[in-house]
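Peer 1: Fold the following for me, if possible:
(chains A and B)
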There are 2 protein chains.
Amino acid sequence: MSEIVTAGILVIGDEILSGRTKDKNIGYIAEYLTNIGIDLREVRVVADDEADIVAALNALRSRYTYVFTTGGIGPTHDDITADSVAKAFGVGIDHHPEVVARFRERYAPGDLNEARLRMARIPDGASLIQSATILAPGFVIGNVIVMAGVPSIMQAMLDIVAPQLNSGPRMLSEQVRANAREGDVGTPLRAIQARHPDTIIGSYPFLDENGQPNTSLVVRSRDPEKLHAALAEVEAMLADFHKPAV
Amino acid sequence: MSEIVTAGILVIGDEILSGRTKDKNIGYIAEYLTNIGIDLREVRVVADDEADIVAALNALRSRYTYVFTTGGIGPTHDDITADSVAKAFGVGIDHHPEVVARFRERYAPGDLNEARLRMARIPDGASLIQSATILAPGFVIGNVIVMAGVPSIMQAMLDIVAPQLNSGPRMLSEQVRANAREGDVGTPLRAIQARHPDTIIGSYPFLDENGQPNTSLVVRSRDPEKLHAALAEVEAMLADFHKPAV
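Peer 2: Numbering: from 1, shown residues only, chains lettered A, B, ... in the order given. The predicted structure is shown next:
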């Protein structure tokens, strides 16, 4: 079995921490990575502060196969991601000639001002994430993938970069509706988890369509046989729980 | 001026990292804390893994005035937050007599099983976050506030604990619609930010009702006079930008 590939996400932006903007990228990237066989292990959200960005990025990039960042690559003074990434890697940063050339094609001469040229600042050695529809590019440096914060642009960037990523055996997942309260099944479920250490069994309470407390049980494993062995025990446990009293 | 009060959030749960559940608590807590004069500085999301929870909690609680955790206080084997918090603080954990007594009132005798009793495990020295409608309590230990992951229950817990928290001078915020693309105003905006170091000026692009790129400019400060001085310059800059050519 090939190696497990891991990831962290670093969300950069005062607007997320103030609550002004509600993040939509974490959940999207999480689901995307699960689907392509990359294990998301940790997420951090930090402010538009160089020291905070550098510290979080260095912690995450030393720990996980990949780090995905979102936010802070626009044209204004609070967009400091590219400079912070360069600092974290200890490399220089300058206007990237290919991006500047593209900007000269796309912007009217009076519009290509100092602010917009900031979006062409790319750390030395990074490769661009760009397409015909993406104006300000993202970039990849080392194991760090730097993307926009606007969800539609971030999603386009993720589609571009994903085929270049290593991925491992995909985490498989099966879900069962318990038709029971979480506390009704917690004790036998713990025993099943103990017997199946190569699976991860999760229990998630929800209110069902009748307004009753109900529970989703999720069994995950990279090995389909182990997953189905645990799942069969979960289903047998539920059948036993729901068996009419004699 | 009283001291600035800071916070971190620690979201605990495999289901957030797998993308199965989309977090709704970060944005809610962020907005809530801003409104009561507490500065959210950092968010981390970690898996249901004791070592990861302990490490993240210790990092955050040493750095910020308060840490709010969500998730992992239910009745199943994957609910390990209370035990992990006890470990982070180096204190014992046991069934809390007050919670057990409450459970004995609420549950039918056959329903008060080992799994449900797990929800009565509270670290030594913690105080409970509870109400008539909250079954499994949250708790406060040191500067750490431990809450449920289910949004409606988390919100009820936050309402209970908020009046007990210290808060600082509230961060005030004013927003202006630029009717301009972000890159059009980035250069003068940077100059305004440089002249008003006690404010934080943010620039957030959006597509407006005509499908055109537009920008929200947000000026924040704890000092209303400083805020309005910077805001006046932002408005004058926009008026100048929109002035018809002679």
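Peer 1: where do the helices sit along chain A?
Peer 2: A:14-17, A:25-35, A:50-63, A:81-89, A:97-106, A:114-118, A:151-161, A:182-195, A:224-242 (DSSP state H).
Peer 1: Look at A:I16 and say how many residues are nearby.
Peer 2: 25 (other C-beta atoms under 10 Å in any protein chain shown). Glycine gets a C-beta too; all of them are placed from N, C-alpha and C.
Peer 1: So which of the helices of chain A is nearest A:G74?
Peer 2: For A:G74, the closest of those is helix A:114-118, at 8.2 Å, according to C-beta to C-beta.
Peer 1: shaky segments in chain A?
Peer 2: A:1-2 (pLDDT under 70).
Peer 1: Please parse chain A into its domains.
Peer 2: A:6-164, A:172-242 (automatic domain parsing).
Peer 1: I'd like these as TSV, with distance to B:I38 appended.
Peer 2: Compiled in TSV, the domains of chain A are given as follows (distance: least, C-beta to C-beta, whole Å):
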stretch	distance to B:I38
domain A:6-164	11
domain A:172-242	29
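Peer 1: deepest of those, which one?
Peer 2: Ranked by mean neighbour count, the domains of chain A are led by domain A:6-164 with a mean of 19 (mean count of other C-beta atoms under 10 Å in any protein chain shown).
Peer 1: now check stretch A:151-170, is it near chain B?
Peer 2: No. Judged by C-beta under 8 Å from any C-beta of the partner chain, stretch A:151-170 stays clear of chain B, getting no closer than 9.1 Å.
Peer 1: Just the terminal-to-terminal distance for that stretch.
Peer 2: 25 Å (C-alpha to C-alpha, to the nearest Å).
Peer 1: got it, and stretch A:63-83?
Peer 2: 22 Å.
Peer 1: Please apply the same query to stretch A:158-176.
Peer 2: 31 Å.
Peer 1: same check, this time on stretch A:27-47
Peer 2: First-to-last residue span, stretch A:27-47, C-alpha to C-alpha: 19 Å.
Peer 1: and what of stretch A:81-95?
Peer 2: 14 Å.
Peer 1: right, quick check: that stretch against chain B, any contact?
Peer 2: No. Using C-beta under 8 Å from any C-beta, stretch A:81-95 stays clear of chain B, with a minimum separation of 13.4 Å.
Peer 1: quick one, which of the helices of chain A is nearest to B:Q175?
Peer 2: helix A:14-17 (10.9 Å).
Peer 1: Quickly check: the closest one near chain B or not.
Peer 2: Yes. Contact of helix A:14-17 with chain B (C-beta under 8 Å from any C-beta) involves A:14-17.
Peer 1: now, which of those residues sits nearest A:A162?
Peer 2: A:I16 (23.4 Å).
Peer 1: For that closest one, which residues are in contact?
Peer 2: Each residue near A:I16 by C-beta atoms under 8 Å, 6 or more residues apart in numbering or on different chains is listed here: A:22-23, A:45, A:71, B:26-27, B:30, B:43.
Peer 1: Apart from its neighbours in sequence, what residue is nearest A:Q193?
Peer 2: Nearest residue to A:Q193, sequence neighbours excluded (C-beta to C-beta, 6 or more residues apart in numbering or on different chains): A:I201, at 4.6 Å.
Peer 1: From B:S84, how far out is the one you found?
Peer 2: Applying C-beta to C-beta, to the nearest Å, the value for A:I201 to B:S84 is 18 Å.
Peer 1: and the residue nearest to A:Q193, bridged to which residues?
Peer 2: Counting by DSSP bridges, A:I201 is bridged to A:V219.
Peer 1: can I get the helices of chain A in JSON lines with distance to B:P169?
Peer 2: Converted to JSON lines, the helices of chain A look like this (distance: least, C-beta to C-beta, whole Å):
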{"stretch": "helix A:14-17", "distance to B:P169": "17"}
{"stretch": "helix A:25-35", "distance to B:P169": "30"}
{"stretch": "helix A:50-63", "distance to B:P169": "21"}
{"stretch": "helix A:81-89", "distance to B:P169": "28"}
{"stretch": "helix A:97-106", "distance to B:P169": "42"}
{"stretch": "helix A:114-118", "distance to B:P169": "32"}
{"stretch": "helix A:151-161", "distance to B:P169": "33"}
{"stretch": "helix A:182-195", "distance to B:P169": "42"}
{"stretch": "helix A:224-242", "distance to B:P169": "52"}
